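1. Provide a 3D model corresponding to the input given below.
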Amino acid sequence: MAAEGGWRPAGGRRRRRRRGREEEEEEEGGGAVLRRLREARNDLLSSGFWAASAGAVRAPLGGTAEPPARCVCYGLGRFSCCPAARHQLAFLLLLLEELGVPPERCSVFDPAFSAQEAAALVELGLRLLPDNEEGKHGIEGLATLFYMVHCGKALYNNLLWRNWSPGALSKMVIVGNSFKGIEERLLSRILERDYSYIAKVLKGTEEVVLPAHPQYLDTFNDTSVHWFPLQKLKELSPEVWDCVEEPTYQECEIIRKGDGAEQHGPAAAES
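-> Numbers count the residues shown, from 1 in each chain. Predicted coordinates for the structure are as follows:
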């Protein structure tokens, strides 16, 4: 048979078509990712999950937390091919709108991002962090929202260590794994040994869990909004603030900075 552009052997034709499909997918990839993201947003809105969650995400503002001036997001995962990650990203974008944080003031990082996903995030107006911070992001005096759904415990522990003072912690809101759940699931000696900053801040934490929804049981399970009222932090023992030793881990679920995690390309997904 004659193929467009002349005769081709059957095998060559199949290879040509396969390459054509790959090139076509690459060309439309960004648009397809953004289209699926809009669909995920519509799902969150039409299901009622976002409306049910709005009270939880605004709870810190009804307390003592400052409205966030910026946002840092870790651990979204492969949202181009994973529906759960895509819904988590859509939730983040709704969250930024709700709290009045411009997209350009939201920084994101995940070592698994492909080049296509990184480009889609930039198109959304978000900022890509250039390096793997291992969660050690200082707020530098600015009220900051940290969006860390389903991240490892070491990342939360590192974040607390980096901002270990009543003044800094009181300017933070963390949307991520329930600290109460971490406390319930871990033996006290393990929590205090391996994740000491989580252990020490528990009594200074306010937490509101996101509502359960049958459509998102795996996507947002065990997810809470956490904040740290200054008055509660000041009521903690003064000794709590004396130890500021940087955490080290023997066994934990964290990708180290030296493990190639700085990449945003396909190689990073294999790290």
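2. drop to CA atoms for contacts and neighbour counts, all remaining ones
-> Will do.
3. can you list the buried residues in stretch 73-89?
-> By neighbour count, with 16 or more other C-alpha atoms under 10 Å as the criterion, the buried positions of stretch 73-89 are 73-80, 84-89.
4. how far does stretch 210-227 sit from its chain's centre?
-> From the chain centre to the centre of stretch 210-227 is a distance of 14 Å (C-alpha atoms, centre = their mean, to the nearest Å).
5. one more: stretch 201-210?
-> With C-alpha atoms, centre = their mean, you get 18 Å for stretch 201-210.
6. what does stretch 124-137 give?
-> Centroid separation between stretch 124-137 and its chain, computed with C-alpha atoms, centre = their mean, is 10 Å.
7. how about the strands in this protein?
-> 2-3, 6-7, 70-74, 106-109, 127-128, 144-148, 172-177, 206-209, 223-227 (DSSP state E).
8. list of residues touching the fifth one?
-> With C-alpha atoms under 8 Å, 6 or more residues apart in numbering as the test, strand 127-128 has contacts from 103-109, 118, 121-122.
9. what is the burial count for residue 210?
-> 23 (other C-alpha atoms under 10 Å).
10. isn't it right up against residue 223?
-> Yes. Counting by C-alpha atoms under 8 Å, residue 210 touches residue 223, with 5.9 Å between them.
11. which of the contacts of strand 127-128 lies closest to residue 182?
-> Nearest to residue 182 among the contacts of strand 127-128: residue 109, at 23.2 Å, using C-alpha to C-alpha.
12. what's near enough to touch the closest one?
-> 73-76, 128-132.
13. still on that earlier bit, could I get the strands of the chain as JSON lines with distance to residue 40?
-> Formatted as JSON lines, these follow (distance: least, C-alpha to C-alpha, whole Å):
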{"stretch": "strand 2-3", "distance to residue 40": "39"}
{"stretch": "strand 6-7", "distance to residue 40": "43"}
{"stretch": "strand 70-74", "distance to residue 40": "18"}
{"stretch": "strand 106-109", "distance to residue 40": "19"}
{"stretch": "strand 127-128", "distance to residue 40": "21"}
{"stretch": "strand 144-148", "distance to residue 40": "18"}
{"stretch": "strand 172-177", "distance to residue 40": "19"}
{"stretch": "strand 206-209", "distance to residue 40": "21"}
{"stretch": "strand 223-227", "distance to residue 40": "18"}
